[in-house]
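Asks: Here is my input; please provide its structure:
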Amino acid sequence: MPTNKWMCTHCGRRTSRSVSSGRPLPGKCSRKEGNRPHSWVKNN
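Replies: Below is the predicted model of the structure:
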């Protein structure tokens, strides 16, 4: 099963998910103020 690798542009957190799953859930980014969500971009 093919996977996509995702990375948060602010904190650098990386995750991989299957292509059919789409983007990861936003969650909370540790480097943004006020418990703001991660900003995911593909990192293939």
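
Asks: Which of the helices or strands spans Arg23?
Replies: Counting by DSSP states H and E, no helix or strand carries Arg23.

Asks: ok, now which ones touch the residue lying closest to it once chain neighbours are set aside?
Replies: The shortest distance from Arg23 to any non-neighbouring residue, by Cβ to Cβ, 6 or more residues apart in numbering, is to Trp40 (5.3 Å). Where C-beta positions appear, they are placed from N, C-alpha and C, glycine not excepted. Contact analysis of Trp40 by Cβ atoms under 8 Å, 6 or more residues apart in numbering lists Trp6, Met7, Cys8, Thr9, Arg23, Pro24, Pro26.

Asks: What of Pro26?
Replies: Pro37, His38, Trp40.

Asks: Where does it sit: helix, strand or coil?
Replies: Secondary structure assignment for Pro26 (DSSP: H, G, I helix; E, B strand; the rest coil): coil.

Asks: any idea how far it is from Pro2?
Replies: 23 Å (Cβ to Cβ, to the nearest Å).

Asks: so can I have JSON lines of the contacts of Pro26 showing secondary structure, pLDDT and distance to Arg17?
Replies: As requested, those are exported to JSON lines (DSSP: H, G, I helix; E, B strand; the rest coil; pLDDT from 0 to 100; distance: Cβ to Cβ, whole Å):
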{"residue": "Pro37", "secondary structure": "coil", "pLDDT": "97", "distance to Arg17": "16"}
{"residue": "His38", "secondary structure": "coil", "pLDDT": "97", "distance to Arg17": "13"}
{"residue": "Trp40", "secondary structure": "strand", "pLDDT": "97", "distance to Arg17": "10"}
